[in-house]
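Enquirer: Just the structure for this:
(one chain, ligands or ions: 1)
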Amino acid sequence: MAVSVDVEALIAAAGPRAGAAGREYVARGSVSGLTSVDGGVRACVAEIQGGRTHVFVSVVSRALVVDCDRDSEAGGQPCEHAVAAVLAARDAGISWTSMAVPCGAEPAVAEDRLVTAAATSLTRAELVRLIVTQAAEDRLFEARVLHRAGRLGPADEAELARLRELVRHAGRIPDSGEHWELHELLDAGRELLTELEIVAVRPASAEFVGVVEDAIGVWDKLAGYLLDAWDADDAEPGTVGDALAALHLRLCEELRPGPVELGQRLAALVGSTDLDSCLDAPDSYVDLLGAEGLTAYDAALHR
Ligand SMILES: [Zn+2]
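Expert: Numbering: from 1, shown residues only. Reported below is the predicted structural model:
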């Protein structure tokens, strides 16, 4: 949900000193790297005495949450960097998304608390080295780091073509005329899911949703072979399907296609699959479809 930030109220909450310092940063042109990501805004503020301060400001339950490198112990009061970031974001016409919980602030489990305490004790350079090493080993993590820094655009044509080829390849395995083993179908499904989830870190696009829908169609076919051979209680084939369905729903929630178009697309997907489609349609999509979309879904399904 896009929300407007009450800039004047923020400056009042920050107090006159931080408010004036924040305005001065903007007036001096000290704010750079303005990035809108995950519902918040990040900025880099050049300090007058040298050095840079990174700040991330988000709106949670209509209240402003500040994550500042320099003032992490500020205790609720927005710092001058937050004021500067919000003013610069307003000047740039950036709108905000209100979130239910702060990004990355889900309740920590016991191990998370251990890791949090350890990570907090590391220097910035140590953390950066660890992140770079991990990113080299884990492409999903790499994509998340790039996304978080606002460095990823929607998937380009070459990326989409690569994914479409993967989908086609998976779909051809049972029809290849060559000998194939059941586990190859499961492996192909898992590989497909892994690649789609990495690309899904990028901002969503209608073209990418189309590729995910193709993958759902292909997986439906592969899962048919698997379910025939597998124990009915075996959860394996279901996990890929469930993950693909969750991915599709998440992308639709991000893109918010028109309700009639979405209804027709869902009906086409459900209608074209031999098994029960892995999509929980239309139930999971009710909020996106509304009455209009549900009518379009039913009409298209029973045509
Ligand atoms: Zn600060």
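Enquirer: From now on I want contacts and neighbour counts done on CA atoms only, so please keep to that.
Expert: Fine.
Enquirer: Grab the most central residue of the chain for me.
Expert: Val201 (4.9 Å; CA atoms, centre = their mean).
Enquirer: Surely that residue is in contact with Glu142?
Expert: No - between Val201 and Glu142 there is no contact under CA atoms under 8 Å: 9.9 Å.
Enquirer: got the contact list for Val209?
Expert: Neighbour list for Val209: His248, Leu251, Cys252 [criterion: CA atoms under 8 Å, 6 or more residues apart in numbering].
Enquirer: how about a cut-off of 10 Å?
Expert: Val209 sits next to Leu196, Ala200, Ala215, Leu247, His248, Leu249, Leu251, Cys252, Leu255 when contact means CA atoms under 10 Å, 6 or more residues apart in numbering.
Enquirer: returning to that earlier point: return the residues in contact with the residue nearest to the centre of the chain.
Expert: By CA under 10 Å, 6+ apart, the contact list for Val201 reads 140-148, 152-155.
Enquirer: would you list every one of the helices in this protein?
Expert: Residue ranges of the helices in the chain, as given by DSSP state H, are 7-27, 80-91, 110-120, 124-137, 139-148, 157-172, 182-199, 206-229, 236-255, 259-272, 286-301.
Enquirer: deepest of those, which one?
Expert: With neighbours taken as mean count of other CA atoms under 10 Å, the helices of the chain reach their highest mean count in helix 80-91, at a mean of 25.
Enquirer: what angle do that one and helix 7-27 make?
Expert: Computed with axes from the mean of the first three to the mean of the last three CA atoms, to 10 degrees, the direction of helix 80-91 lies at 100 degrees from that of helix 7-27.
Enquirer: Below-threshold pLDDT in the protein: ranges please.
Expert: Where the chain drops to pLDDT under 70, the residues are 1-4, 72-76, 98-109, 230-237, 274-277.
Enquirer: Show me it divided up by domain.
Expert: With automatic domain parsing as the criterion, the domains of the chain are listed as 2-99, 110-148, 157-301.
Enquirer: what does the chain put close to the ion?
Expert: Cys68, Asp71, Cys79, His81 (CA under 5 Å from the ion).
Enquirer: Widest-spaced pair of these?
Expert: Across the residues of the chain next to the ion, no pair lies farther apart than Asp71 and His81, at 8.7 Å, counting by CA to CA.
Enquirer: and for these two, which residues touch both?
Expert: Common contacts of Asp71 and His81, defined by CA under 10 Å, 6+ apart, comprise Thr53, Val55.
Enquirer: Return the list of helices and strands in contact with the longest strand seen in the chain.
Expert: The longest strand of the chain (DSSP state E) is strand 52-60. Packing partners of strand 52-60 (3 or more CA pairs under 10 Å, 6 or more residues apart in numbering; DSSP states H and E): strand 31-37, strand 40-46, strand 63-68, helix 80-91, strand 96-99.
Enquirer: Since that was my last question, I'll sign off now.
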